[in-house]
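Novice: Quick one, fold the following:
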Amino acid sequence: MKKGKKKKLKRGIRNLLIVTVLVIISSYIGIYFSRRDGLANKEVKITYKTVNTKKESEASLIMVGDALIHGTVYQTAHRYANYKGYDFKPMLKYIKPIVENYDLAYYNQETILGGVELGLSTYPMFNSPIEVGDAFLDAGFNMVSLATNHTIDKGEKGVLNSRKYWNQKENVIAAGSYSSFEERDEVHIQEVNGIKYGFLSYTTYTNGLIVPKGKEYLVNVYDKDLIKKEIERYRDKVDLLIVAMHWGTEYMTYPTTAQKEIAKYLADLGVDLIIGCHPHVIEPIEYIGDTLVIYSLGNFVSSQIGVERLTGLMLSLNIKKVDYHGKTTISFDNIEGTLIYTDRNNGYIVYPYDKLNNGILNNYKSYYTKYSKVVTAYSNQVKVKSLEG
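Specialist: A predicted model of the protein is given here:
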């Protein structure tokens, strides 16, 4: 083949390759823009992932035991009022500045507030002036247990007078004794700092007095079926469920088998906090699962004889609510007890132990050690405030 023809052939092949490459490149460019235009017209769905945040709420609670109003106690209150009515406020002058700092404050109204119109009376069938309630409300208490072994000491009239008094008071919940079934069966839900709570109260004793048939609402006598029904009506509606129990054996510094059985039953039903009274002396505190059980706070104010009956427990704690991943949990921390003493010889003034001296209670430091050991016998999660404050 001649040299000129060879050059023409090579040039033809090269041109063909160039054209082929250009065609291929053009095809890819067309495909790219075609896909890009398709994507531009296509709806793009974006999914946002929800992040669960933890929400926490807190409230504070303080508790004291029995307001056991003997005759000498209300007679002293009569003197404080210059014999014109009854004034119990001086008895609480060292307690009020403490209680006022708490969101919730509980006490047990051991004796019925039937008022002077029914005739005041002392042991064994009590009736107290309504001014007792005035003093406790003034001190900041807003949660009152009414189911005790003395609730029906003055019969139906005493309960109706008591309920009339408490129903007229705002920002206080009084449970355990009612004027009708309708009143008893109402679901009373309170709220503090975003924490919804319910409060129930029961007694295991009526001192042999028979509750009138058909009027069982006058006092909540402990019954497993009744309390189960009550708890089930509250449990899903509240974050925190508190039950006050009037139980145990008087003057025993440890819980009975019956107390422990009831506490376990209530814990299994989902009660968060059980507050015990009736023994008139301090008993230990413990956890049953997640349920905090205070077996007995002892007396708060009374005229009983003996240091252990004049020594009570004022217990404070912090309530913590946590909402996370759709679940709500309640827990307690900063559980601290303060020992208190009623000076029956000098006006029934209630003193925190850190305000005592040997002139008020001789050898008070040894009593502090003794009763502190009772409080903490079952749990190291409970502390007792030192005498140094």
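
Novice: Show me the beta-bridge partners of residue 55.
Specialist: On the basis of DSSP bridges, residue 55 is bridged to residue 323.

Novice: isn't it right next to residue 327, touching?
Specialist: No. Residue 55 is beyond contact range of residue 327, at 11.3 Å (criterion: Cβ atoms under 8 Å). To be clear about C-beta, it is placed using only N, CA and C from the backbone, and glycine gets the same treatment.

Novice: These two - which one has more neighbours?
Specialist: Using other Cβ atoms under 10 Å, the more surrounded residue of residue 55 and residue 327 is residue 55, with 11 against 8.

Novice: hmm, back to that, what touches both of residue 55 and residue 327?
Specialist: Shared contacts of residue 55 and residue 327, defined by Cβ atoms under 8 Å, 6 or more residues apart in numbering, are absent.

Novice: so what's residue 243 up against?
Specialist: Residue 243 touches 199-202, 227, 231, 266, 271, 273-275, counting by Cβ under 8 Å, 6+ apart.

Novice: next SSE after the helix or strand containing it?
Specialist: Using DSSP states H and E, residue 243 sits within strand 240-246. As assigned by DSSP H and E, the chain's next helix or strand after strand 240-246 is helix 257-268.

Novice: C-alpha coordinates for that next one, PDB please?
Specialist: Taking Å, rounded to 0.1, in the frame of the first residue of the first chain, the C-alpha atoms of helix 257-268 are listed here in PDB:
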ATOM      1  CA  THR A 257     -45.800  -8.700 112.500                       C
ATOM      2  CA  ALA A 258     -49.200  -7.300 111.600                       C
ATOM      3  CA  GLN A 259     -47.600  -3.900 110.800                       C
ATOM      4  CA  LYS A 260     -45.100  -5.600 108.600                       C
ATOM      5  CA  GLU A 261     -47.700  -7.600 106.800                       C
ATOM      6  CA  ILE A 262     -49.900  -4.600 106.100                       C
ATOM      7  CA  ALA A 263     -46.800  -2.600 104.900                       C
ATOM      8  CA  LYS A 264     -45.900  -5.400 102.500                       C
ATOM      9  CA  TYR A 265     -49.500  -5.600 101.200                       C
ATOM     10  CA  LEU A 266     -49.600  -1.800 100.600                       C
ATOM     11  CA  ALA A 267     -46.200  -1.800  98.900                       C
ATOM     12  CA  ASP A 268     -47.400  -4.600  96.600                       C
END
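
Novice: Contacts for that helix, please.
Specialist: By Cβ under 8 Å, 6+ apart, helix 257-268 touches 204, 222, 224, 227, 231, 243, 245, 247-248, 255, 274, 276, 288-291, 293, 295.

Novice: Surely residue 300 and residue 340 touch.
Specialist: Yes. The criterion here is Cβ under 8 Å, and residue 300 meets it with residue 340 at 7.1 Å.

Novice: shared neighbours, the two?
Specialist: With Cβ under 8 Å, 6+ apart as the test, residue 300 and residue 340 both reach 64, 312, 314, 350.

Novice: Tell me how many other residues crowd the closest residue to the third one other than its chain neighbours.
Specialist: I take that to be residue 314. Spatial nearest neighbour of residue 314, chain neighbours left out: residue 338 (4.4 Å); criterion: Cβ to Cβ, 6 or more residues apart in numbering. As a burial measure, residue 338 scores 21 neighbours (other Cβ under 10 Å).

Novice: contacting residues for residue 338?
Specialist: By Cβ under 8 Å, 6+ apart, the contact set of residue 338 is 98, 313-316, 352-354, 384-385.

Novice: which SS class is it?
Specialist: strand (DSSP: H, G, I helix; E, B strand; the rest coil).

Novice: please begin residue numbering at 2 from this point
Specialist: Sure, I'll start numbering at 2, so the last one becomes residue 339.

Novice: Model confidence for it, exactly?
Specialist: Listed pLDDT for residue 339 reads 98.

Novice: quick one: low-confidence ranges for the stretch 252-390 of the chain?
Specialist: For the stretch 252-390 of the chain, the stretches flagged by pLDDT under 70 are 390.

Novice: Please enumerate the helices of it.
Specialist: 258-269, 308-311, 365-376 (DSSP state H, counting those that start in this stretch).

Novice: Deepest-packed of the ones you listed, please.
Specialist: helix 308-311 (a mean of 20; mean count of other Cβ atoms under 10 Å).

Novice: circling back to that earlier point, which one, of the helices of the stretch 252-390 of the chain, ends up nearest to residue 283?
Specialist: For the helices of the stretch 252-390 of the chain, distance to residue 283 was read as Cβ to Cβ. The smallest value, 5.2 Å, belongs to helix 365-376.

Novice: Determine how far the closest one lies from the middle of the whole chain.
Specialist: The gap between where helix 365-376 is centred and where its chain is centred comes out at 26 Å by Cα atoms, centre = their mean, to the nearest Å.

Novice: list the helices and strands it packs on?
Specialist: strand 312-325, strand 328-344 (3 or more Cβ pairs under 8 Å, 6 or more residues apart in numbering; DSSP states H and E).

Novice: ok and that helix relative to strand 312-325, angle-wise?
Specialist: Per axes from the mean of the first three to the mean of the last three Cα atoms, to 10 degrees, the angle that helix 365-376 makes with strand 312-325 is 40 degrees.

Novice: what does helix 365-376 contact?
Specialist: 254, 283-286, 308-309, 312, 314, 338, 340, 342, 354, 357-359, 362, 383, 385, 388.

Novice: Contacts only, for the most centrally placed residue in the chain.
Specialist: Closest to where the C-alpha atoms of the chain average out (Cα atoms, centre = their mean) is residue 243, at 5.3 Å. Residue 243 makes contact with 107, 144, 198-201, 272-276 under the criterion Cβ under 8 Å, 6+ apart.

Novice: Which of the residues you listed fall in strands?
Specialist: Judged by DSSP state E, the contacts of residue 243 include 107, 144, 198-201, 274-276 as members of strands.

Novice: that older thread, save the contacts of residue 339 as a markdown table, and put in distance to residue 125 too.
Specialist: Output for these, formatted as a markdown table (distance: Cβ to Cβ, whole Å):
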| residue | distance to residue 125 |
| --- | --- |
| 99 | 32 |
| 314 | 25 |
| 315 | 27 |
| 316 | 29 |
| 317 | 33 |
| 353 | 30 |
| 354 | 30 |
| 355 | 35 |
| 385 | 33 |
| 386 | 35 |
